[in-house]
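# predicted coordinates and the sequence they were generated for:
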Amino acid sequence: SPANETQRMAELDERGEGTAGAPALTGPCLADNRLNLDVYPDGCCRFLQLFERRGGDLAQVEFVRLSGNDRLLGATLGILPHLKSLKSLVLKGGHARDEFGSCQPGSLTNLPPDFGNLRCLTHLDLSFNRLSTLPSCIPHLPSLRVLLVSHNSLVVLPEDFGCLSKLTFFSAMKNQLKDLPQSIGELAALQDLDLSENALEYLPDEVGNLRNCTELDLSGNRLSSIPDSLANLKSLRRLHLHSNLLVTVPASLASLPNLSRLDLQNNCLRAVPAEIQTSPFVHLRGNPLGEAEPSPQADESSARRLQRLFLASGEDSFTVTSEGCKVVLACGIRFYFPPGAASDPQRIHFRTLAPDPQWVKLRHHDVLLSTVLELRPHGVEFQQEVEIWMPYASPQTLHQREVVVRTFSGQSWSDLRTKVEQKRKSKKHVACCSVLHFSWFLVVSRLVENECKVPTEGTLLFSSVDPNIKVTFPPGVTEETRSVKLQVLPVSAEEVEEITANVGCRASPLLCLSQDSPVDFLKPVRIQLPLPLGVTGLNLDRSRLHLLHGDLQGQTWDDITSQVVLEFTHLYAIFEVTHFSWYWLWYTTKTYIGGIAKKVYERLRLYQVNFIALQRKKDPEQVLLQCVPKHKVDPVLKRLQDRYRGPEPSDMVEMFEGEQFFAAFERGISIDMDRPDCVDGRLSFIFYSHLKNMKEIYVTSPVDRKGQAVKGQVSFYRGAVPESIPEDASRRRKGPDSLWLATLPIKLPRLKPRWGENPGPLNGFSFPPLNLGNAETGYLTQANLLSIARRVGADWQTIGLNLGLTYQQIERISYNNREDLDKQILDMLFSWAQQNSEDPDCVDKLITAMKESGRQDIADEIETIIELGRQKYRESIRRVGL
């Protein structure tokens, strides 16, 4: 939440709601006139018991905190109106966490009508719940001064909201508000109003009646204009309007006598009144200032005329003119070139690349969601930003993360401002970025990054993942403004217990802080971390609490508990530092905690996976290999069971995102050593948890299979054991196979006589020599077609139909070669090839037919052959200097 909201919450804690050491009565903390139950898993149950046993004492309570995640919250709400002396009520959600350690919103959707009888209530916090409308009783609370409903689902505020005549602070950030009632202008006492990150499209003029308002936050909405009446807010000190759609602002804002900050960054302002532009407290970065604004008629007309290009799978380039265009690639990637983006016709070349960990450097806890898109030419700069829409693997199991497009400059990777959406029909996820020049692009999921600028007057930075984590920068902390980033890695108690095998071990979320300056801060920066789950100021044993400081790679964790001054409230630990790194709060009986923290951190980066090796039922020589995350194994096997069979998956092993591994066929089974992905006789794989780590290949055996089957195996090996992998996560054998991971059996059945054993390479068929394709795009030779034919099997009729053969032709081939499947396949494939050898698109048609027939394995093999031919052609061109 913003500075004012968080500061008020901190003040409430400091006044006693979170104070450690208060005497406890009958279990819960009932001290004087305060009742703190939000830290107890069964807090509402204790409240009900306390009300039954000590109703008289409870009636005098003035401060109550309950968890919005408590399952008995509904029963408790009916009793709360009986607490006639109640002054402060906190029913926040976010206390419970799911299996991944993510905060869950509370269950609160409404309040009973008789809540309006709480005549003394001055502070009400309903944040992080499921409110879609403001409870009707709230406007009838006559003494209410502070109201927090942030992080809910509010769409509208009631018309009688202005009845809260004593309200001084109102926060509704992170909701879905589309407009405001006119009565909001009746809140004469309101000082702080936070409506950031909603869906507001306009403001009523009555907002100008809030004459006591000192801070107004409207950032992150959809405002295209603001009313002139805001110039009446003579008490206003800070006005936040960044990240809207503003095209104009009234010049009268510059005349506000007390205004010390006007944030207009990241809007659509092309021109700003001189009075505002020259003011020292105005921030305008991220606006298209000085650019000519196109007329709406011309813009609409050009949008209607914009050319649309749909490219087939074999195409790798297109031309953009000054008129602009929309382009859709066969893989689903889309481009939008606005009119005027290219001053002259420009040929754009594109290709998708498999991510290579040698240059695709992922940061810790990054998850790769797409292949790499390369766009050329690299050096050309467009006149207007070009939009790129990239599909990505749905991160369904990723919580408290954000999706960004990352680009490579030739030396380093950087994240672009990204928006994501889900297509309505296909349900596919796409990420969009805007760029002025082309390079390499990919989509990743990263830990949520909160960023702010730290000026000399100081500021506050909080985590949107866990609002209980905040960093306070005091005035004078820096001489020059610097940028600070904050990331949080939630860690569940279950994960810590499982990894450490210690039930009493607890850890707070891991806090990662960084800045763009190598200079330490001039004054200590104050950091607040929540105490580990289950630990409160009431039961805290300070000898068991350790504050750890980690390096930027998580390799070393030093216990700095004795080097800092730790302060505690009921819920938080607070300390001060002058430089940034990683900070982690642990609660354990162990004395040397650094080694344990390193082990836990490394294990949190590992994925539990299984290997599968399946053979196609119709052709056992086709083997599918895949590395599958543990939770996806069952659905993957279920999807493949109709076409494949094989052994049970391997035992579970653990791998890092982007780790290389190899598959080796052994004991009488071999593969084509000329494959581009074959290294020293082993197939190379790169594990990415959200990409398909799958290959379907054709295996053979040098052993004579006429008399008996071949019982071989495929073994999986690490490329190399990463330095940071925990010893117990690296499965090793002694000797040359020290990198071994798993082994699965492969059985090739007894082989019947096949073509090639009789005279003639095509078993009686005679065709003139043919090559499909051309030298530049790559050839398919007669030998390649023969290899493909051996893999077709019983699918030949479906493939023939998808190649364009008629039913009559299929029936004639079947009849002429009855009782000989091999001849049927050869007749179909080579007859089609002979008829289409002059067609420049015949190879693409063959690949498409294989995919439509469910033979992705053959399609992949053809594409591999073609790509190998292209590489040889390009190398020959370079050799002769053409």
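All right, it came through fine. As the structure is a computational prediction, the values presented were derived from the model and not from experiment.
# alpha carbons of stretch 802-809, as PDB, please.
Provided in PDB are the C-alpha atoms of stretch 802-809 (Å, rounded to 0.1, in the frame of the first residue of the first chain):
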ATOM      1  CA  ASN A 802      -3.500 -35.100 -46.400                       C
ATOM      2  CA  LEU A 803      -1.000 -34.900 -49.300                       C
ATOM      3  CA  GLY A 804      -3.900 -34.500 -51.700                       C
ATOM      4  CA  LEU A 805      -4.400 -38.000 -53.000                       C
ATOM      5  CA  THR A 806      -8.000 -39.000 -53.700                       C
ATOM      6  CA  TYR A 807      -9.800 -42.000 -52.100                       C
ATOM      7  CA  GLN A 808      -9.800 -43.700 -55.400                       C
ATOM      8  CA  GLN A 809      -6.000 -43.400 -55.700                       C
END
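# that stretch: which residues count as buried?
By 16 or more other C-beta atoms under 10 Å, the buried positions in stretch 802-809 come out as 802, 803, 805, 809. Where you see a C-beta, it was placed from the backbone N, CA and C, and this is true even at glycine.
# and what of stretch 495-506?
Neighbour-count burial for stretch 495-506 flags 495, 496, 499, 500, 505, 506 (criterion: 16+ other C-beta under 10 Å).
# got it, and stretch 666-684?
668, 669, 671, 675, 682, 683, 684.
# go on, stretch 115-127?
Neighbour-count burial for stretch 115-127 [16+ other C-beta under 10 Å]: 115, 116, 118, 121, 122, 123, 124, 125, 126, 127.
# looking at these, which one is closest to residue 82?
When those are compared for distance to residue 82 (C-beta to C-beta), residue 118 wins out at 9.6 Å.
# quick one: contacts for that closest one?
80, 81, 83, 84, 86, 89, 141 (C-beta atoms under 8 Å, 6 or more residues apart in numbering).
# same question, residue 267
Residue 267 sits next to 241, 242, 243, 244, 245, 246, 247, 286, 287 when contact means C-beta under 8 Å, 6+ apart.
# same check on residue 409?
residue 439.
# quick one: pLDDT of it?
Here the pLDDT value assigned to residue 409 is 82.
# could I get the contacts of residue 267 as a markdown table with neighbour count, distance to residue 826 and pLDDT?
Output for the contacts of residue 267, formatted as a markdown table (neighbours: other C-beta atoms under 10 Å; distance: C-beta to C-beta, whole Å; pLDDT from 0 to 100):
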| residue | neighbour count | distance to residue 826 | pLDDT |
| --- | --- | --- | --- |
| 241 | 26 | 72 | 90 |
| 242 | 21 | 69 | 82 |
| 243 | 20 | 65 | 76 |
| 244 | 24 | 67 | 81 |
| 245 | 14 | 64 | 81 |
| 246 | 22 | 70 | 86 |
| 247 | 16 | 68 | 84 |
| 286 | 15 | 64 | 62 |
| 287 | 20 | 67 | 71 |
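# excluding chain neighbours, give the residue nearest to residue 831 in space.
residue 813 (7.5 Å; C-beta to C-beta, 6 or more residues apart in numbering).
# the one you found contacts residue 826, doesn't it?
No - if you go by C-beta atoms under 8 Å, residue 813 and residue 826 don't touch, sitting 9.6 Å apart.
# those two: which has the busier surroundings?
Each of residue 813 and residue 826 has its neighbours counted (other C-beta atoms under 10 Å); residue 826 has more, 25 against 21.
# just checking, which of the contacts of residue 118 belong to strands?
residue 89 (DSSP state E).
# in ChimeraX, how would I select the buried members of the contacts of residue 118?
Applying 16+ other C-beta under 10 Å to these, the buried members can be selected in ChimeraX as follows:
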select :80,81,83,86,89,141
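# and the strands in the stretch 51-200 of the chain?
For the stretch 51-200 of the chain, the strands defined by DSSP state E, counting those that start in this stretch cover 63-65, 88-90, 123-125, 146-148, 169-171, 192-194.
# show me what contacts residue 377?
By C-beta under 8 Å, 6+ apart, the contact set of residue 377 is 346, 349, 438.
# tell me the least confident of the buried residues of stretch 115-127?
Among these, residue 116 has the lowest pLDDT, at 86.
# give the buried residues for the helix or strand hosting residue 614.
Using DSSP states H and E, residue 614 sits within strand 606-616. Residues 606, 607, 609, 610, 611, 612, 613, 614, 615, 616 are the ones in strand 606-616 that count as buried (16+ other C-beta under 10 Å).
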